[in-house]
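Student: Have a look; sequence and predicted model below, questions after that.
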Amino acid sequence: MIDIKFLRENPEAVKENIRKKFQDEKLPLVDEVIALDAEARKTQQEADTLRANRNKLSKQIGALMGQGKKEEAGAVKQQVADQAKKLEELSVKETELSEKITKIMMTIPNIIDPSVPIGKNDTENVEVTKYGEPVVPDFEIPYHTEIMERLNGIDLDSARKVAGNGFYYLMGDIARLHSAVISYARDFMIDRGFTYCVPPFMIRSSVVTGVMSFAEMDAMMYKIEGEDLYLIGTSEHSMIGKFIDTILPEQELPKTLTSYSPCFRKEKGAHGIEERGIYRIHQFEKQEMIVVCRPEESPMWFDKLWQNTVDLFRSMDIPVRTLECCSGDLADLKVKSFDVEAWSPRQQKYFEVGSCSNLGDAQARRLKIRVNGEDGKKYFAHTLNNTVAAPPRMLIAFLENNLQADGSIRIPEVLRPYMGGKAEIR
């Protein structure tokens, strides 16, 4: 969420940012919120004047009563009563205006970083760097669910009967591989100095609206009926929420955390053939990383976070590339974002396996995550997040890149300790 003071002083910059994100329908919101803000400040000034006058009149009443001037004191009391009624009306108006302003401000997109490429949608994202040599073997690579089924590693039919489409049973060595990847990703991040955390898997609406836009919320979140609780779509939500309404000493920054959680998503919309199986599902597990830091350090942490994911995949011999998201593909709270994509030998193209985002102070402003500077001044922290590994998609990349001609799966050395020493799955 943008600072209202910045919007008030730089309306054209905010409008230009909206145009860069190809959300022209939101342009009138800037003028609307400026008008509401002016009315709110005028209302507050009136209310403050009445409050000050009420205090002055209250002192007069005491003085008059002390002098035995009851009739004059009564007249002043009537003034206080009349002003109290007006003050109540102004207080109600203040609240209404504040709610309207907040609602609009939460729909105006965050100011994107100047380095972000301008484009309408994900087709205009820009490749940054490739890591590892993409290989296409001289034998056919089946669809990922076929590979799993040949190894008795997945049961989609039973899952449909139990929970419907978008769910699965992982079995045997494939289930063990899934857990091995999560455990390895956890230890990988701990070795890089991150603190391991298992967060709540449900969060309140105040946290949901603090970490994501309304559009994302509607498309992703499952609401718990009769409760002010939502199932998390990613542990980033509850991890950032951990710091809600806190003032952090500057010397304690950065906060670097890596978290494990199941994730639950509606995944609204129709999906093509490449999204069958376990590519887009309603339930999966993930290792995540988040950082809460000083504003001037967030660009450096952004580069460190996406590099962590690249290094993790390369340690398992999976070729990857980084892709910078263009302006139109950035969620409204994001300042800058990279996708990490893994090579698919079957499709002979890359596909997304992780996303790294710098959200500036947008989440911190919504959740009131402040920092107490060494000079005593308070300011909003910057927050960042990135996927370490989400095994459903990670498994697809892993299986395709480690499939052998005889149908067995090679286990890279880094994963073997988590697989009981196994060098392959047959």
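Tutor: That came in fine, so what should we check first?
Student: In contact with the nearest residue in space to Gln23 that is not next to it in sequence, which residues?
Tutor: In space, and not counting its chain neighbours, Gln23 is closest to Pro109: 6.4 Å by C-beta to C-beta, 6 or more residues apart in numbering. Where C-beta positions appear, they are placed from N, C-alpha and C, glycine not excepted. Pro109 sits next to Asn17, Ile18, Lys21, Gln23, Lys26, Leu330, Asp332, Leu333 when contact means C-beta atoms under 8 Å, 6 or more residues apart in numbering.
Student: Can you tell me which of the residues you listed is nearest Asn385?
Tutor: Proximity of these to Asn385 (C-beta to C-beta) peaks at Leu333, which lies at 10.8 Å.
Student: pretty sure that closest one is touching Arg365, no?
Tutor: No - look at Leu333 against Arg365 with C-beta atoms under 8 Å: they stay out of range, at 9.8 Å.
Student: Identify the contacts common to the two.
Tutor: Met1.
Student: hang on, the earlier thing: export the contacts of Pro109 to a markdown table and tack on secondary structure?
Tutor: Listed next are the contacts of Pro109 as a markdown table, based on DSSP: H, G, I helix; E, B strand; the rest coil:
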| residue | secondary structure |
| --- | --- |
| Asn17 | helix |
| Ile18 | helix |
| Lys21 | coil |
| Gln23 | coil |
| Lys26 | helix |
| Leu330 | coil |
| Asp332 | coil |
| Leu333 | coil |
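Student: Where do the helices of the chain begin and end?
Tutor: Taking DSSP state H as the test, the helices found in the chain are 4-9, 11-20, 27-66, 70-105, 144-150, 156-163, 172-191, 205-211, 214-220, 235-241, 298-315, 362-367, 391-402.
Student: I'd like those helices as TSV, with mean pLDDT and mean neighbour count appended.
Tutor: Output for those, formatted as TSV (pLDDT from 0 to 100; neighbours: other C-beta atoms under 10 Å):
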stretch	mean pLDDT	mean neighbour count
helix 4-9	94	14
helix 11-20	97	16
helix 27-66	81	15
helix 70-105	79	14
helix 144-150	94	19
helix 156-163	92	13
helix 172-191	97	19
helix 205-211	91	20
helix 214-220	77	15
helix 235-241	94	27
helix 298-315	97	19
helix 362-367	95	25
helix 391-402	92	24
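Student: So for Glu413, which of these sits nearest?
Tutor: helix 298-315 (9.1 Å).
Student: Output stretch 227-246 in CSV with nothing but the alpha carbons.
Tutor: Extracted in CSV, the C-alpha atoms of stretch 227-246 (Å, rounded to 0.1, in the frame of the first residue of the first chain):
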residue,chain,number,x,y,z
GLU,A,227,-14.5,-18.7,11.7
ASP,A,228,-12.3,-15.6,11.0
LEU,A,229,-9.7,-18.0,9.6
TYR,A,230,-8.3,-18.8,6.2
LEU,A,231,-6.1,-21.8,5.1
ILE,A,232,-2.7,-20.4,4.0
GLY,A,233,-1.9,-20.5,0.3
THR,A,234,1.8,-20.2,1.2
SER,A,235,3.7,-20.0,4.5
GLU,A,236,4.9,-16.5,3.5
HIS,A,237,1.5,-15.2,4.7
SER,A,238,1.8,-16.5,8.2
MET,A,239,5.5,-15.8,8.4
ILE,A,240,5.2,-12.1,7.5
GLY,A,241,2.1,-12.1,9.8
LYS,A,242,4.4,-13.1,12.6
PHE,A,243,5.5,-9.5,12.8
ILE,A,244,2.1,-7.8,12.7
ASP,A,245,1.8,-4.7,14.8
THR,A,246,5.4,-4.8,16.1
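Student: coming back round to it: make CSV from the contacts of Pro109 and add distance to Ser344 to it.
Tutor: Formatted as CSV, the contacts of Pro109 follow (distance: C-beta to C-beta, whole Å):
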residue, distance to Ser344
Asn17, 35
Ile18, 36
Lys21, 30
Gln23, 32
Lys26, 36
Leu330, 25
Asp332, 30
Leu333, 30
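Student: nearest to Pro142, of the residues you listed?
Tutor: Leu330 (35.4 Å).
Student: What sits closest to the closest one if chain neighbours are left out?
Tutor: Using C-beta to C-beta, 6+ apart, the closest residue to Leu330 is Ser337 (5.7 Å).
Student: Who does that neighbour form a beta bridge with?
Tutor: Ser357 (DSSP bridges).
Student: for it, what are its contacts?
Tutor: Here Ser337 is in contact with Glu324, Cys325, Asp329, Leu330, Ala331, Ser355, Cys356, Ser357, Asn358 (criterion: C-beta under 8 Å, 6+ apart).
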